[in-house]
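Trainee: show me how the following folds:
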Amino acid sequence: MLHIKDAQLYKIILTKADQYLSAKADPQNVQKYQRYFKEGYNAWGAQQSDIAALCGMIREDYPSLSLEQLIELGTLLFQHGKYEMGSLAIMLVEQGKKEYDRTSFAGIKQWFDFGVNNWAHADYLCSKVNPVFLTRGIVKIDDFLPWRDSDSRWTRRAAPVSFIKIKKETDPQILLSFVNPLMTDGERVVHQGTGWFLRELWKVHPHEVEDFLYLHRNSAARLIIRYATEKLSKEERLRFRKDKPVQS
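Mentor: Modelled structure (predicted):
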């Protein structure tokens, strides 16, 4: 639960951020980038440099904000709805990497469960933030099990994508066992993330991944298979086609 003083402070920062970024609106940028977001792109069209400048101003004006407070603020920024506000939340928290702990890990999951709603924010967090928790030993792979089972498609997507950075030093069978339930997930964004992860894992463990895909060839979402086998030749990909139904 938010403390009253914190809630008041967050409201002030949110208002300043809204005013600053809305003043940087550029409809041409919105039109330019919206085609990359099938789920919708609710943005002002502000430049990334504008968001970075605002991030710096917030850190300068409120130097005593803890990482826990930044994550709480980030939750509100994501709930605002504008794309740039989510980007600001990520920038603020990325600067607090030295303070990451299990509490902040839980806070980031809350972002995914209730705030993150596009691939750009999801994948940036999965490449720049989530792996830090793993490489520093703050969390283990099993700590992502609740992510894999989340009601949010973006949280489920985040689980395998977060493992791309640790693919070389992790037992492939542990990773493959983890993604096993995602092979039949019903969401396209999860298919894309899982297939991308498997393609990256294939680069270091090709035999293990190919055997895994072969076992799932008849049940897995076809988009996962397509993404995962993208680097194979046309002839090699034939191995992973669904079996033809037996004629009675």
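
Trainee: make it CA atoms for all contacts and neighbour counts henceforth
Mentor: Fine.

Trainee: what residues sit buried inside stretch 49-65?
Mentor: Residues 51, 54-55, 58 are the ones in stretch 49-65 that count as buried (16 or more other C-alpha atoms under 10 Å).

Trainee: likewise stretch 111-123?
Mentor: Under the neighbour-count criterion of 16+ other C-alpha under 10 Å, stretch 111-123 has 111-113, 115-119, 121-123 buried.

Trainee: what is the mean pLDDT for the helix or strand where E60 lies?
Mentor: Using DSSP states H and E, E60 falls within helix 48-61. Here helix 48-61 scores 96 as its mean pLDDT.

Trainee: so what does it touch, helix or strand wise?
Mentor: Contacts defined by 3 or more C-alpha pairs under 8 Å, 6 or more residues apart in numbering; DSSP states H and E place helix 48-61 against helix 4-22, helix 83-94.

Trainee: report the distance from it to the chain centre.
Mentor: Its chain's C-alpha centre and that of helix 48-61 lie 22 Å apart, by C-alpha atoms, centre = their mean, to the nearest Å.

Trainee: mind listing residues that contact stretch 26-38?
Mentor: Here stretch 26-38 makes contact (C-alpha atoms under 8 Å, 6 or more residues apart in numbering) with 40-41, 43-46, 118-119.

Trainee: for it, C-alpha coordinates in PDB please.
Mentor: What follows is stretch 26-38, C-alpha atoms only, in PDB (Å, rounded to 0.1, in the frame of the first residue of the first chain):
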ATOM      1  CA  ASP A  26       4.900  14.700 -32.800                       C
ATOM      2  CA  PRO A  27       2.000  13.100 -34.800                       C
ATOM      3  CA  GLN A  28       4.400  12.200 -37.600                       C
ATOM      4  CA  ASN A  29       6.400  10.000 -35.200                       C
ATOM      5  CA  VAL A  30       3.300   8.200 -34.100                       C
ATOM      6  CA  GLN A  31       2.300   7.500 -37.700                       C
ATOM      7  CA  LYS A  32       5.900   6.300 -38.400                       C
ATOM      8  CA  TYR A  33       6.000   3.800 -35.600                       C
ATOM      9  CA  GLN A  34       2.500   2.600 -35.100                       C
ATOM     10  CA  ARG A  35       2.800   0.000 -37.900                       C
ATOM     11  CA  TYR A  36       5.200  -1.900 -35.700                       C
ATOM     12  CA  PHE A  37       2.600  -2.400 -33.000                       C
ATOM     13  CA  LYS A  38      -0.200  -4.700 -33.900                       C
END
